[in-house]
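Trainee: Using only what follows, build the 3D model:
(one chain, ligands or ions: 1)
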Amino acid sequence: MYITDTHTHLHFDQYAPDLQEVVQRARERGVVKILTLGTDYQSSLQSFEIAQQYDLVYAAVGIHPTDIFKSTQDDIPRLKLLAQKEPRIVAIGEVGFDLYWKEVPLDQQIPVFEQMLDTAKELNLPVVIHNRDAHREMRDFFESRQIKKIAGVMHSFSGTLDDAKFYLDRGLHISFTGVITFKNFRSQELVKAIPLDRLLLETDSPFLTPVPNRGKRNEPAFVEFVARRLAEIYDKSFLEITQTTFRNAKSLFGWDI
Ligand SMILES: [Zn+2]
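Mentor: I've put the predicted structure just below:
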């Protein structure tokens, strides 16, 4: 079995006491690759350190829109240098727009996102994009910058089917979290409309814990419940979902196995 978790934040304090067990449990559940993402310079360094400690963990480096206030001018060039020389850094992320938390105005988020996308392009790395309550603004950005082809993923997807098509047309993958296992989740048709060859598996650990563990800390071993729910929605086998998403992640992040 080849299961992947393409979105985690293993640097969070919640994992400090038992990260080794967390990774081991994922391994025992068939998880073969985990991507852990930084949200600012310091946590990007931590993500890289974690990736060096565990053979199945890889890192992404980036500045999250809600962490811009913690960042300085030098952080992006420093992250670029690190990503350039370290093969265990396989993506730029987490980057994007967030208009849910009102701390950072959009006009401060745009230049950071733009520089991070330029970095990804120069280093030929995929991008992991966060987008909360900003689909109109994200689409305007893609259109005004004439971004027609981009390697990456819209993670924890929350837009409309029309938004999904817009991103798929530009080459992006789409991933869903444990939210699809919640009782009040109503967008099964939207999920099903995402072509299987553009789908990725993720948990967004430590957040958004899937049923039946809702309320507990999330961890990569629980990605299995997201995959099982996807199998139901697509009416495919668990094996087909995990294998297809493994293939997709493998080619996007350049993982060899
Ligand atoms: Zn995240």
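Trainee: okay, CA-based contacts and neighbour counts for the rest of this
Mentor: Noted.
Trainee: isn't Glu94 right up against Gly38?
Mentor: Yes. Glu94 is within contact range of Gly38, at 6.3 Å (criterion: Cα atoms under 8 Å).
Trainee: which residues are common contacts for these two?
Mentor: Ala60, Val61, Gly62, Ile63, His64 (Cα atoms under 8 Å, 6 or more residues apart in numbering).
Trainee: For those residues, give me CSV that also has pLDDT and secondary structure.
Mentor: Compiled in CSV, the shared contacts of Glu94 and Gly38 are given as follows (pLDDT from 0 to 100; DSSP: H, G, I helix; E, B strand; the rest coil):
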residue, pLDDT, secondary structure
Ala60, 98, strand
Val61, 98, strand
Gly62, 98, coil
Ile63, 98, coil
His64, 97, coil
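Trainee: burial measure for Asn213, as a count.
Mentor: 13 (other Cα atoms under 10 Å).
Trainee: That should have said Asn131, apologies.
Mentor: 22.
Trainee: For the one helix or strand it maps to, give me every contacting residue.
Mentor: Element membership of Asn131 [criterion: DSSP states H and E] is strand 127-132. Here strand 127-132 makes contact (Cα under 8 Å, 6+ apart) with 64, 91-100, 117, 120, 138, 151-158.
Trainee: Those residues, buried ones only, as a ChimeraX selection?
Mentor: Restricted to buried positions by 16 or more other Cα atoms under 10 Å, the ChimeraX selection for those reads:
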select :64,91,92,93,94,95,96,97,98,99,117,120,138,151,152,153,154,155,156,157,158
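Trainee: Now go through the contacts of strand 127-132 and say which are in strands.
Mentor: Ala91, Ile92, Gly93, Glu94, Val95, Gly96, Phe97, Asp98, Gly152, Val153, Met154 (DSSP state E).
Trainee: Now for the closest residue to the fifth one other than its chain neighbours: which residues touch it?
Mentor: Right, the one you point to is Val95. In space, and not counting its chain neighbours, Val95 is closest to His64: 4.7 Å by Cα to Cα, 6 or more residues apart in numbering. By Cα under 8 Å, 6+ apart, the contact set of His64 is Gly38, Thr39, Asp40, Gly93, Glu94, Val95, Gly96, His130.
Trainee: quick one: contacts for Val22?
Mentor: So Val22 contacts Tyr15, Glu219, Pro220, Ala221 (Cα under 8 Å, 6+ apart).
Trainee: and the third one, how many neighbours?
Mentor: I take that to be Pro220. 31.
Trainee: Turn the ones in strands among the contacts of strand 127-132 into CSV, including pLDDT.
Mentor: What follows is the ones in strands among the contacts of strand 127-132, written out as CSV (pLDDT from 0 to 100):
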residue, pLDDT
Ala91, 98
Ile92, 98
Gly93, 97
Glu94, 98
Val95, 98
Gly96, 98
Phe97, 98
Asp98, 97
Gly152, 98
Val153, 98
Met154, 98
